[in-house]
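I'll drop the sequence and a predicted model, then ask my questions.
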Amino acid sequence: DELYCDIIHVNLFDHPKYEALSYTWATYTWAYPEGDATPLKRIFCQGKYIPITSNCELAIRRLRQPVGKRIVWIDALCINQSDVRERNHQVSLMKQIYSSSVQTVVYLGEPYWTSDRAIAFFEGSNLENV
């Protein structure tokens, strides 16, 4: 399905309720071990398409809810990436943006064949059963 969004402007001093997405722009694969951050995907937003990276698209697809809306701050969409002045200003606000969110969702990528073992390791589980 095509991705859609709306951008709403808010003031952080008004304490808006939103989630923040943390993800890597680049998608790391065997073909691109240094990562591929080319904006080859897109999202339809307020009458036009905005280019996004494959990793951003995958994260948004994982965040989508079957019904209803979700308010999420996503840097690729909330920061005008072609305006260096705005981008620098927004980057200086990132600590406040992430710490003011209701929650920060971290997207590490799609599951890989070693994902279960890695999660078990961090949880301190017995790796023999994974």
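Noted; the coordinates are in hand.

contacts and neighbour counts: CA atoms only from here.
Fine.

Can you report how many residues lie near C56?
As a burial measure, C56 scores 29 neighbours (other C-alpha atoms under 10 Å).

what about the strands in the protein?
4-5, 19-23, 41-45, 48-52, 72-73, 103-107 (DSSP state E).

In a markdown table, list these along with mean neighbour count, mean pLDDT and distance to D83.
Compiled in a markdown table, the strands of the chain are given as follows (neighbours: other C-alpha atoms under 10 Å; pLDDT from 0 to 100; distance: least, C-alpha to C-alpha, whole Å):
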| stretch | mean neighbour count | mean pLDDT | distance to D83 |
| --- | --- | --- | --- |
| strand 4-5 | 14 | 92 | 21 |
| strand 19-23 | 19 | 94 | 21 |
| strand 41-45 | 16 | 94 | 18 |
| strand 48-52 | 14 | 93 | 14 |
| strand 72-73 | 21 | 96 | 18 |
| strand 103-107 | 15 | 93 | 25 |
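
Output those in CSV, with distance to L93 appended to each entry.
As requested, those are arranged in CSV below (distance: least, C-alpha to C-alpha, whole Å):
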stretch, distance to L93
strand 4-5, 22
strand 19-23, 13
strand 41-45, 23
strand 48-52, 21
strand 72-73, 12
strand 103-107, 15
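
Out of these, flag the one nearest P66.
When those are ranked by proximity to P66, the top entry is strand 4-5, at 13.2 Å, counting by C-alpha to C-alpha.

Point out the other helices and strands that that closest one packs with.
Judged by 3 or more C-alpha pairs under 8 Å, 6 or more residues apart in numbering; DSSP states H and E, the packing partners of strand 4-5 are strand 41-45.

partners of the strand it packs on, with directions?
Strand pairing for strand 41-45, using DSSP bridges, gives strand 4-5 (parallel), strand 48-52 (antiparallel).

who's in contact with the first one?
This means strand 4-5. Contacts of strand 4-5 with the rest of the structure, by C-alpha atoms under 8 Å, 6 or more residues apart in numbering, involve I43, F44, C45, Q46.
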